[in-house]
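# Next one to model:
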Amino acid sequence: MPMTTIVGSREAATVTRWPVPEERRTVTVLFADIVGSTGLVERLDPEDVRELQRAYFGTVAGVLRRWNGVVEKYVGDAVMALFGAHGSDGFDAYRAVRAGLEIQDALDRRAPAGTRLRVRVGVATGEVLVDLAATRDGAHGTASGAVITTAARLQEYAPPGGVVICAATRRATAGLVEQRPLAAMAVAGKASPLDVWRVTGVARPTPARHQGPLVGRRRELAAAGDEILRAVRDRQPRWISLVGPSGSGRSRLLHELARTVSTVDGRPVRWFVAQCPPYPEGDLAPLADMVRAFAGARDADPAATARRRLAAALDGLLPPVRCGAAAHALVEFVAAPRDAGAAGRGAEVWREVLLAVAAGQPVVVAVDDLDRAAPTLSRFLHRLFATASERHLPLAVLATHGTGWADLLPGAGGRRRRVPLPALGAVDTGRLLRHLLDRAGRPAALAAKLLPLVGGNPAVARAYVRAFGEDGDPAGVPDAVRRMIDARLDRLDGDQRAVLMAGAAHGSEFPAATVERLLGWAAGRAEPTLSRLVAAGLLRRSGPDGYAVADPTVARVARHRLPRALRAGFARRARLTPRPTTADRAGAGGRPDGVPATAGPGLAAGRPGAGSSPVSTGVVPTARRPLPLTSPGPHRAAVRPAASRPEGGPPGVSAPCASSRQAVLPPHGASHQAVRPPHGASRRAGLPPGGPSERAGLPGGASQRAWGHPSALPSLGPPALPGRGRGATRRVGARTPGPGDTGTTTGSPALAAA
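The predicted model follows:
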């Protein structure tokens, strides 16, 4: 007998909608289920069963929320969660695996007295179709895809207390968690058994192995090296930041600096380097790894051995009366970096040790991927830097981080140096590709085929060479590259993402007017967004007023995330979009959208009614039929009385006479105006507030509507990706569902103006 599911009454988090109602996304699915629940329930009193249920579901849901997972459903005593459904940070699989491990530990700590809950966890990564509006806890049917079944089968295959993962999850978490292979798992309906692995723990971060020549970074290497030399020779600490996008070679440049700047004027330089893994074990855990490396201690060393090694390393640096207490504090710090008290005491001692070392020789304290760390680590580095500056010590702080991260703490003044790592040029990218292909045993001539795909990013070049198919053609976007691009796309706001998707779906160079027509936007709305995308390096200018997606791989990923029906709708709209002639542009006062300068404010804003005047736009219409962008399905069917449908009209569309339920839309042509419904009508119809076009769920001008169908995709704001220190955000003006709402989407998805 399965345990009864109890779903808490916690209010579902509001998720701001994307420009499209659904997306194809690569997500990680977690299934967790209790081992032997039937026998357990049979032995317990009903009140004890209820207490056990509350402890189990509360613990599991809390862990999943902590790792930014979304509970998709409860099935008996099983829980299914999605990671990366509403936003990716590039580490969705890692977060899911960490959540699975933490669920096991948390249940051992919180189980009621005398009862031990054992749980099996299966984790699989793959592509699904996600309903973006439903990505919240308890939203059944959020995702659809074969990977969900795979995760459920992995959970059944897992040993009690174990976490089992698929091959895709293994690749995504390589180097981040400890894994060991299990026997292949046979799955009904699959042609061959699945390779599976069991996760045994979190891996200790280690420096990456860098091989081959350093290509295209000599200037950056020299600039950072000069700053270290100045810090040593002037005895004035310097703060150096190596800044670039993911995969640009920040870690490699740090490795080369540590190798080449080993002495300054004959004096040896002492390097202390820490790596920040995603979601480290404690705010100051990277410092604990630095302490361990300083003492030469190993993870398996008992506390007495670690204390002895640390005491030997501290000998001569600190006064003898301080060595014993300092070694004890550092041992506690290394053993329990998540303990706030031990971490605080250990960090203070470690700062004292670093300053003592710098008093005798040049020191470089380097932190790789500082943008992954908690602010506590940045504060530690700033205090270290400030004290070293007061004492005029030969010390440099070197940090690597992404372009979107900014250290907001004050300090360093003019002694900061930011060294950007731009994309490699075509010549350097070709050199790198030829070297990688030669090492892989591939013809160097294939570099020409890969050159336009890698975008000057060294990590992307390596990923493409590894994934190169046997037939000499790229075998799709490599997983590592797709994760990087997914995370980059999900950091965009709603307008930026809508414009990028529209441009990628267009498939060629496009002016701003084309994007505005594809999205149903008012004239001029796209220009600021296009400029921001150009500044971010996602778009490039083409000609005086044209744009194109800068990276073909980014365009490919963005286009693929659109469902097939939406891609086809964009393609049809692009083919049927009227292109104004020179005379049209002149008649419109030079405006690219073909709207005359004399048009009323409502028409110029892309809204029917609201003061618009029935003037011709000078654009010849090319189609009177509505362009449906999604195929109607039962889950999208409108809930309308039969009497409200026009004779011969499509189901789910109100008759024009039902003005109290829906805005009446005109036939094709700019001379017909939409009738604005009463203020309360849109509320009664379950439509969002806003301008007339928003209340009707429709954007754009009146010349592209028939039968009440919208002719553009919804341009809606983006969900905020949950992260450290960030909570879910609600779009200003978003309507809270009322008790009368059925949750049924009425009509085809509207692209109302955001």
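
# Distance of the closest residue to Ala78 other than its chain neighbours relative to Ala297?
Counting by C-beta to C-beta, 6 or more residues apart in numbering, the nearest residue to Ala78 once its immediate chain neighbours are dropped is Asp33, at 4.0 Å. For glycine as for every other residue, the C-beta is placed from the backbone atoms N, C-alpha and C. As judged by C-beta to C-beta, to the nearest Å, Asp33 and Ala297 stand 39 Å apart.

# now do Gly360
From Gly360 over to Ala297 (counting by C-beta to C-beta), the distance is 22 Å.

# so Val199 sits in a helix?
No - in this structure, Val199 is strand, not part of a helix, as judged by DSSP: H, G, I helix; E, B strand; the rest coil.

# Can you report how many residues neighbour the spatially closest residue to it that is not a sequence neighbour?
Spatial nearest neighbour of Val199, excluding adjacent residues (C-beta to C-beta, 6+ apart): Val163 at 4.5 Å. Counted with other C-beta atoms under 10 Å, residues neighbouring Val163 total 32.

# so what's Arg270 up against?
Val357, Gln361, Pro362, Val363, Val364 (C-beta atoms under 8 Å, 6 or more residues apart in numbering).

# Looking at these, which is nearest Ala183?
Val364 (47.7 Å; C-beta to C-beta).

# Which residues does the closest one form beta bridges with?
Beta-bridge pairing of Val364 under DSSP bridges involves Trp271, Ala396.

# so what's it up against?
Val364 touches Ile228, Leu257, Ala258, Val261, Val269, Arg270, Trp271, Phe272, Leu395, Ala396, Val397, Leu398, counting by C-beta under 8 Å, 6+ apart.

# hmm, try it at 10 Å
228, 231-232, 238, 240, 254, 257-258, 261, 269-273, 358, 394-398 (C-beta atoms under 10 Å, 6 or more residues apart in numbering).

# And Phe91, by the same measure?
Contacts of Phe91 by C-beta under 10 Å, 6+ apart are 28, 67-68, 83-84, 97-98, 172-173, 176, 277-279, 372, 483, 487.

# Let's see which of the residues you listed end up in strands.
If you go by DSSP state E, the contacts of Phe91 have Thr28, Phe83 in strands.

# Select only the buried ones of the contacts of Phe91 in PyMOL?
Listed next is the PyMOL selection for buried residues among the contacts of Phe91, using 16 or more other C-beta atoms under 10 Å:
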select buried, resi 28+67+68+83+84+97+98+172+173+176+277+279+372+483+487
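
# Give me the subset of the contacts of Phe91 lying in helices.
Members of those lying in helices (criterion: DSSP state H): Val97, Arg98, Ala172, Arg483, Ala487.

# Can you tell me the closest non-neighbouring residue to the second one?
In space, Arg98 comes closest to Trp67 once its chain neighbours are excluded; the distance is 5.8 Å by C-beta to C-beta, 6+ apart.

# Contacts only, for the one you found.
By C-beta under 10 Å, 6+ apart, the contact set of Trp67 is 30, 81, 83, 91-92, 94-100, 102-103, 279, 722.

# ok so, going back, quick one, which of Gly360 and Ala297 is more surrounded?
Neighbours per residue, other C-beta under 10 Å: of Gly360 and Ala297, the larger number sits with Ala297, 20 against 13.

# quick check, the more buried one in a helix?
No - Ala297 is assigned coil when assessed by three-state DSSP, not a helix.

# Per-residue pLDDT of it, please?
Listed pLDDT for Ala297 reads 84.

# same question, Gly346
On pLDDT, Gly346 comes in at 95.

# which non-adjacent residue is nearest it?
Nearest non-adjacent residue to Gly346, counting by C-beta to C-beta, 6+ apart: Phe333, 2.4 Å away.

# What helix or strand is the one you found located in?
Using DSSP states H and E, Phe333 falls within helix 320-335.

# Buried residues of that helix, list them for me.
Neighbour counts over helix 320-335 (16+ other C-beta under 10 Å) mark Cys323, Ala326, Ala327, His328, Ala329, Leu330, Val331, Glu332, Phe333, Val334 as buried.

# still on that earlier bit, now the contacts of Arg270: which count as buried?
Using 16+ other C-beta under 10 Å, the buried members of the contacts of Arg270 are Val357, Pro362, Val363, Val364.

# close enough to count as contact, the third one and Phe385?
No - shown here, Val363 and Phe385 do not form a contact pair, counting by C-beta atoms under 10 Å, at 11.4 Å.

# for Gly316, what are its contacts?
Going by C-beta under 10 Å, 6+ apart, Gly316 touches Cys323, Ala356, Gly360.

# ok, now Ala459?
Counting by C-beta under 10 Å, 6+ apart, Ala459 makes contact with Pro245, Ser246, Gly247, Ser248, Gly249, Ser251, Arg252, Pro478, Ala480, Val481, Met484.

# Now do it against Ala373, distance only.
Plainly put, Ala459 is 21 Å away from Ala373 if you go by C-beta to C-beta.

# repeat for Ala522
Distance, Ala522 to Ala373, by C-beta to C-beta: 43 Å.

# Would you state the strands of the stretch 1-150 of the chain in chain order?
Using DSSP state E, counting those that start in this stretch, the strands of the stretch 1-150 of the chain run over 22-34, 70-75, 78-83, 119-131, 143-144.

# Relative to Leu221, which of those strands is closest?
Nearest to Leu221, of all the strands of the stretch 1-150 of the chain, is strand 22-34, at 35.3 Å by C-beta to C-beta.

# quick one: strands adjacent to the closest one?
Strand 22-34 has its sheet partners listed here by DSSP bridges as strand 78-83 (antiparallel), strand 119-131 (antiparallel).

# what's around Pro319, how many residues?
Neighbours of Pro319 using other C-beta under 10 Å come to 8.

# show me what contacts it?
Ala326, Ala356.

# same deal with the one 3 residues further on?
For Arg322, the set of contacting residues under the criterion of C-beta under 10 Å, 6+ apart consists of Leu314, Val349, Glu352, Ala356.

# repeat that with 7 Å
By C-beta atoms under 7 Å, 6 or more residues apart in numbering, no residues touch Arg322.

# The one 10 residues further on now?
Shown in contact with Glu332 (C-beta under 7 Å, 6+ apart): Ala342, Gly346.

# low-scoring stretches of the chain, by residue?
The model of the chain has pLDDT under 70 over residues 1-19, 111-114, 134-141, 408-414, 469-475, 577-754.

# What residue spans form the domains of it?
22-202, 218-420, 494-577, 597-633+659-716 (automatic domain parsing).

# Tell me the gap between the shortest one and the middle of its chain.
This means domain 494-577. Distance of domain 494-577 from the chain centroid (C-alpha atoms, centre = their mean, to the nearest Å) equals 20 Å.

# ok so, going back, of all the domains of the chain, which one comes closest to His210?
Closest to His210 of the domains of the chain, according to C-beta to C-beta: domain 218-420, at 4.9 Å.

# For stretch 438-450, measure first residue to last.
Start and end residues of stretch 438-450 are separated by 14 Å (C-alpha to C-alpha, to the nearest Å).

# Which positions within that stretch qualify as buried?
Buried residues in stretch 438-450, counted by 16+ other C-beta under 10 Å: Arg442, Leu446, Ala447, Leu450.
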